[in-house]
Structure formats: C-alpha cells, structure tokens
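[1] Generate a structure from the sequence data that follows.
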Amino acid sequence: MMASLVDRTAFHKTPAEWYKQEPRADVLQVLALVKSRLKRRQIILLDFVSQFDSIRSPATKAHRMHTGYITHQNLRRALDSTGCLRDVSETGFAALVDTFTEERDQPEFRNENFNYIALCEVLQDVSHQSNSFRNGTMLLAEKYEILRQQLLDTKFQESFKQCLDDAPLARQPLSEAGEIRFQSLKRAIMHTIYADRVSARELLGDFDPYLNTSVSWMKKSTQRTPMICLGSGCISRSQFLRGMSRIAARMFLTDDDLNLIFNKYKKNGAFNYLAFCQDVDPGIYPKP
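    You can find the predicted model right below:
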C-alpha cells in the first residue's frame, strides 16, 4: 500500500520529443496550484508544516517553538505528507524556496530559513500570527502581501483555471510525436485486451482501496498508511507497473512506452487508472 521511493522519482520523460516543453516555473503559478489542491482536499497547510517547527537542545527533547521557520528538507516532507502535492516539480519547489527563504542572524538557525508563516498567510490566511495580521498589530512583508493580492485577483484566477486541467478524468497533453505514439499504443492495448479477454479494470482496479474491499492488503493498516494519492480512481506508479505486467509482457512494451502511458494519465503524482480504463475499455466504461 505504501508508495515506494520509485513512485516519487521515476517520472521519466524520455524520449524528450514525446513530451511538451515545461514552462519556466513561475512562483505565482506554483502558489495557485498548491492553493487549489489544498482547497479541493480541504487541507490546512499549517497543520503539516508547523509540525517541523521545533528546536532541540542537548538537555531537552524537541520543543515546539513556533519560530515561523523550517528547513527546506522539512518543507518538502510537509508538502509530500499532504498527499496531494507530490507532483510539484523540482523547479516549482525551487521557486517556492527562493521566494520565502530569508537570512537569519543566528548561526544555529541558518538552515531553518524558510518562512512558512508567510507561505500559509499568502495561501490560506491561516497561521500562528493570523490574528495579529487581521488586527493590524503585525504587517505581512510587502513582497508577500503582493503575492497574496495577486492570487486573489479575479483575472488571474480565471486565467489559471483555464490552464489547470485537474479534473477527475483529465488527460495530460503530450507533444505531437508523443500523441501519435500514444494513439498507436492505445490501439495495440485495446486489441490485446479484446484478444486475451481481459479487462483493464481487473488488472488495475483491484489496487484501488476505495473500490475494492476484498483484497488482503486492504485491512486495518490501510487507514493509517500514507499513500501517494488519497482519492479514488488513482493508484501509485509501482501498482500501475504491476497491473500492466500482463499486457506489457504480451506486447513487449518498453520502459519508455510505459512511462509515456503513465505520464499521459498522471494526476497528483499517481496514475489515473479510471481515465485509462475509460479509454481502452469503452464497453465497460462508456464515455459520457
């Protein structure tokens, strides 16, 4: 059940001509993406990042200090622990780090320099100092206030919604060469499924704990085991590879082919098998 490290690192995109060129990471776009994901899942980011705000000393254990700063490594851990931000790219993460990192005078805190209070205020207006900001006793730094206002701008929100394809059955765009290769793979997979009388739902759907309650790994530990995706209709990359093994062996699919299929249906860092089944099993999953 637990997503392996390969699920995080194996989003290969080779050959490069199959994929669209990713735009330069813009911090405003990254913030808007994070904000929309958190809102959809009804998650308060402060609950995750504040857990890493602690100080250790030789004489005492870790104490929560609410200093407002954490390390970059702990920021990545906090984003991953939300369960819906694992696909934030390294360039996007770097944009967040560059924007909210501040120099601290104390040498012992030089690594704890990411201002998560400002990040939480910009995204959700929820932090340990929110009341002070609302009452006017504290002011958010000008550069952070500008970001907050830009995220609230109606024109920006409309333009962001047009470029964000995060619907339940969304497919990711590929380059022209990538789409041609994908359509060829799709036709071959459909032919194999019909010829072998197998179902994509049988191959992949059993890994979805929200639909299948009969498998052995769906028992008590499921409730507390962190997963790469928390929504139904998605499975991890390692589960996708296991489910596709029967078809892959029959069709001699290469790693590049499997990566192309995975990236076509990638959602929040997981594989949207429901959209895949709808495309290759139209008789079982009729399109609306």
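
[2] contacts and neighbour counts: CA atoms only from here.
    Will do.

[3] where along the stretch 1-150 of the chain do the strands fall?
    Ranges of strands within the stretch 1-150 of the chain are 54-57, 60-64, 69-70, 114-115, based on DSSP state E, counting those that start in this stretch.

[4] Could you list the low-confidence segments of the protein?
    Within the chain, the stretches with pLDDT under 70 are 1-12, 21-25, 55-65, 162-168, 210-232, 268, 282-288.

[5] The closest residue to S236 other than its chain neighbours: neighbouring residues, count only.
    Excluding its sequence neighbours, the residue lying closest to S236 (C-alpha to C-alpha, 6 or more residues apart in numbering) is A270, at 4.9 Å. Other residues within reach of A270, judged by other C-alpha atoms under 10 Å, total 30.

[6] The one 10 residues further on now?
    Counted with other C-alpha under 10 Å, the burial measure for V280 works out to 21 neighbours.

[7] Now the nearest residue to it once chain neighbours are set aside: which helix or strand?
    Once flanking residues are discounted, V280 sits nearest to M190: 5.3 Å by C-alpha to C-alpha, 6+ apart. With elements delineated by DSSP states H and E, M190 resides in helix 176-196, which encompasses its position.

[8] wait, L96 sits on L28?
    No: using C-alpha atoms under 8 Å, L96 makes no contact with L28, being 9.2 Å away.

[9] the more surrounded of those two?
    More neighbours surround L96 than the other of L96 and L28, with 21 against 18 (other C-alpha under 10 Å).

[10] mind listing what the nearest residue to the more buried one once chain neighbours are set aside touches?
    The shortest distance from L96 to any non-neighbouring residue, by C-alpha to C-alpha, 6+ apart, is to V27 (6.2 Å). Contacts for V27 (C-alpha atoms under 8 Å, 6 or more residues apart in numbering) come out as G92, A95, L96, T99.

[11] Can you say which of those residues are buried?
    Buried by 16 or more other C-alpha atoms under 10 Å: G92, A95, L96, out of the contacts of V27.

[12] Is the second one in contact with Q29, as I believe?
    The reference is to A95. No: here A95 does not reach Q29: they are 10.0 Å apart, not a contact under C-alpha under 8 Å.

[13] what distance separates the helix or strand hosting E158 from the middle of the whole chain?
    Assigned by DSSP H and E, E158 belongs to helix 154-163. Centroid separation for helix 154-163 versus its chain: 20 Å, with C-alpha atoms, centre = their mean, to the nearest Å.

[14] what's the domain layout of this protein?
    Domain segmentation of the chain under automatic domain parsing yields 27-162, 168-280.

[15] K13 is nearest to which of these?
    domain 168-280 (7.0 Å; C-alpha to C-alpha).

[16] roughly how far is that closest one from the heart of the chain?
    The answer for domain 168-280 is 17 Å, by C-alpha atoms, centre = their mean.

[17] picking that back up, of all the domains of the chain, which lies closest to E17?
    Closest to E17 of the domains of the chain, according to C-alpha to C-alpha: domain 168-280, at 6.5 Å.
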